[in-house]
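**Q** show me the folded form of this:
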Amino acid sequence: MILFQPSFNGSISSARLFGTALFLFVIQHINAQDIAPVVTATGQQTYCPGTPLNIATDFNITDVDDTGAEAAYIQISSGYVNGEDIVSLNSVPGLTATWNATSATLTIKSTTPGAEIPYPTLRDAIKFNVIYNNMSANPSAGQRTFSISLGDANYLASTGHYYKFIAADGILWTNAKIEAENTTYYGLQGYLATLGSADEAQLCGEQATGTGWIGGSDAEQEGVWKWMTGPEAGTVFWNGGANGSTPNFAFWNSGEPNNMGAEDYAHITAPGVGIPGSWNDLANAGSGGQYAPKGYIVEFGGMPGDPVLQISATTTIDVEKLTETTPAQRCGDGAVTLQAVSTGGMVYWYDAPTGGNLLTTGSSFTTPSLSQTTTYYASAYSPGCITGPRRAVIATINTQPSLPNPDPVAPVCYGDPAQLTATVTSGTLNWYDAPTGGTLLGTGSPFTTSPLTAETTFYAEVVSTGCPATSREAVIVSVLPLPVVTDEEIEFCEKTRTTINAGISGVTYEWSTGATTPSIEINAAGTYTVKVTNPAGCSAVKTITATTLPSADIVRVEVNSDVATVIMSDPEINHYVFSLDGNSYGDSNVFYNLNPGQHTIKVRSKNGCGSDSMTFYVYMIPKFFTPNGDNINDVFTIAGMSAYPQATINIFDRYGKIVAALNSRNRSWDGTFQGHRLPATDYWYIIKLTYDSEEIKGHFSLIR
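**A** As a prediction, this is how the structure comes out:
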């Protein structure tokens, strides 16, 4: 303010003259400023699809120093769906309007370039002639918020702030910050936009007229993104890189921020680069191509000392729709309950797709008692919305099928399944184990049960279009007993025959051997089965396991010096008793201290399966002899050789040359060959006790 220090002589007339001049100066100074108009609007309406709707139910402009405005701006500031929503101006003389589908803004101007629109004309145009419409037959649900402003900045009701894109190709982030802070809007201090909500991100990103800088940076500390401008200065909105997290709100593009090349400043992406309206990080000067800065977004509002403006007003229009309908059905006559969900919360139920009667309201509707399938119609719109779409919701009444007609079932044998059959006129035949509830055992006709061990009742039910018959029909299956058989194990002597018996009469027989008699004769070990069938046709199988007991069978008698061991074909020696030379029987098969000569062994089976005998000879073959004339071991001979008239003994030297041959006439060798004494060494022999006996081989020593 400029203060004047007047110079006057103190007269009253001079003082009055000064006061009048000062008053006129102040009034002229105030009138020189542009006082912001006050804009008010009302309107919270519901859109009826296909029916254009005024965006406001009332609108007014109050301005103490102006009578008109160069333009008015109506923007869908939140909830906007590009390609569906549109705002237009009915024909008004002297006015023209353009619709920007990208920013969702309708701009109203005078048809005379540069001329102002008188407020009365503008009031009437907005109140009566600015309309909203949705171009889709199935509009996207949600609330549309309309900002009506006399300034060219975008107004967002949820924040009460204004936003404006300033084009400036290639501007640095640091310069954009300074320029934004040097910008005012009707006295509001500007700053680089701080986008703390989805509404702000959509308005400044998808709906802005250009792309550019916003007020976020991690230049102070890498990975800690803060708002550096406006009332939110210092507020952290992101921690980390592309996989980081936000403590409040952030809208980074996919894979951002990636800090490629010291990128410390937030920038709204250009159209076509990833997610529309999302952010990426750039260096202070930006980058090339699609990442070159095109300007910056200034936000106004919320700064200390800002005036309270009412240059914008908001109204809302709700676009509602049904999001879900649930039909219902029942079996037989009666009421059903239908369900529907509306984005607006209220659902209206009708009896016709158009017109008709409003039956009730609410998310559920219980029909009156129905005897046939009936279609009802749900709508998210009240009866006043004649064109509001209705969705058919069907109450289905399914007819219950007739009862099944099961066939009688013959008794089955214990452990056998039964085959159940029934006649149905329509639907699916199900079999259960209980008259109600229970377990579903199977479907169709015939149905084969599991093996039965007791009388069992089954229940047949018919189901058609999800509806069972009024009851289930019982089918009783009786179970017949089987012949009682007991498995057996028998033993008999090998090389003999024995008889095995089924052990039950009054039945038919079928042996595993093919025989059909009550008993059969067998001569070999094995497993034998017989299937016995009673007069009711029920069968059981008896198993007889036959084991043969070995008879006494001597394989040989092994003689070692004066010890004889009896070897049997059966290795189980404890099955037998043994007798030597007619003496009493004993359990041992080994006999000691036998005299040279012939002996007879007899063996008898303990189980009564016969006996066997064998004759054997004990012979004493010396280990050495000493032909030195002392009459002790002077010759090599075999004790008891006289008992073997056919015996022969051939004696060999180490080279395989026969040096002596003994027999029944020549029974000893004196250690000479052709009259010459042979050297002291080892000699070998081959003994045959009979012509057809096995050879006995060994060696002995000649000691001199």
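**Q** what ranges do the helices span in the stretch 501-650 of the chain?
**A** Remark: helices of the stretch 501-650 of the chain are absent; assignment by DSSP state H, counting those that start in this stretch.
**Q** next one: the chain
**A** 12-32, 119-124, 173-181, 198-201 (DSSP state H).
**Q** these: lowest mean pLDDT?
**A** Lowest mean pLDDT within the helices of the chain: helix 12-32, a mean of 38.
**Q** buried residues in stretch 610-618?
**A** 610-612, 616-618 (16 or more other C-beta atoms under 10 Å). (C-beta placed from N, C-alpha, C; glycine too.)
**Q** and the closest residue to L89 other than its chain neighbours, how many neighbours?
**A** Nearest residue to L89, sequence neighbours excluded (C-beta to C-beta, 6 or more residues apart in numbering): A97, at 3.7 Å. Look at A97: counted by other C-beta atoms under 10 Å, it has 20 neighbours.
**Q** one more: Q419?
**A** Neighbour count of Q419, defined by other C-beta under 10 Å: 14.
**Q** and it, what pLDDT?
**A** The score at Q419 is 96. That number is its pLDDT.
**Q** likewise for T399?
**A** 89.
**Q** wait, doesn't it sit right on G466?
**A** No: look at T399 against G466 with C-beta atoms under 8 Å: they stay out of range, at 10.9 Å.
**Q** quick one: which of the two has more around it?
**A** Between T399 and G466, counting by other C-beta under 10 Å, T399 is the more crowded of the two (16 against 11).
**Q** residue contacts, A104?
**A** By C-beta atoms under 8 Å, 6 or more residues apart in numbering, A104 lies in contact with 75-77, 80, 82, 85, 87, 207.
**Q** one more time with 10 Å, if that's ok
**A** 74-82, 85-87, 144, 146-147, 154, 202-203, 206-207 (C-beta atoms under 10 Å, 6 or more residues apart in numbering).
**Q** backbone phi and psi for it, please?
**A** phi 60, psi 40 (degrees, to the nearest 10).
**Q** mind checking pLDDT for it?
**A** 93.
**Q** same deal with N560?
**A** We note a pLDDT of 81 for N560 in this prediction.
**Q** do the same with S363
**A** What the model reports as pLDDT for S363 is 95.
**Q** just the buried ones from the contacts of A104?
**A** For those, a burial check counting by 16+ other C-beta under 10 Å picks out 74-81, 85-87, 144, 146-147, 154, 202-203, 206-207.
**Q** shaky segments in the stretch 551-700 of the chain?
**A** Scanning the stretch 551-700 of the chain for pLDDT under 70 picks out 640.
**Q** ignore the last one, the stretch 151-300 of the chain
**A** Ranges of the stretch 151-300 of the chain meeting pLDDT under 70: 208-210.
**Q** and V308, its phi and psi?
**A** Taking degrees, to the nearest 10 as the convention, V308 sits at phi -90, psi 110.
**Q** start at 475 instead
**A** Understood, numbering begins at 475; the last thing we discussed is V782.
**Q** give the contact list for it.
**A** So V782 contacts 510, 634, 661-662 (C-beta under 10 Å, 6+ apart).
**Q** which residues of the stretch 625-774 of the chain fall in strands?
**A** Using DSSP state E, counting those that start in this stretch, the strands of the stretch 625-774 of the chain run over 628-630, 635-641, 658-659, 662-666, 687-691, 698-701, 710-713, 739-742, 753-756, 769-774.
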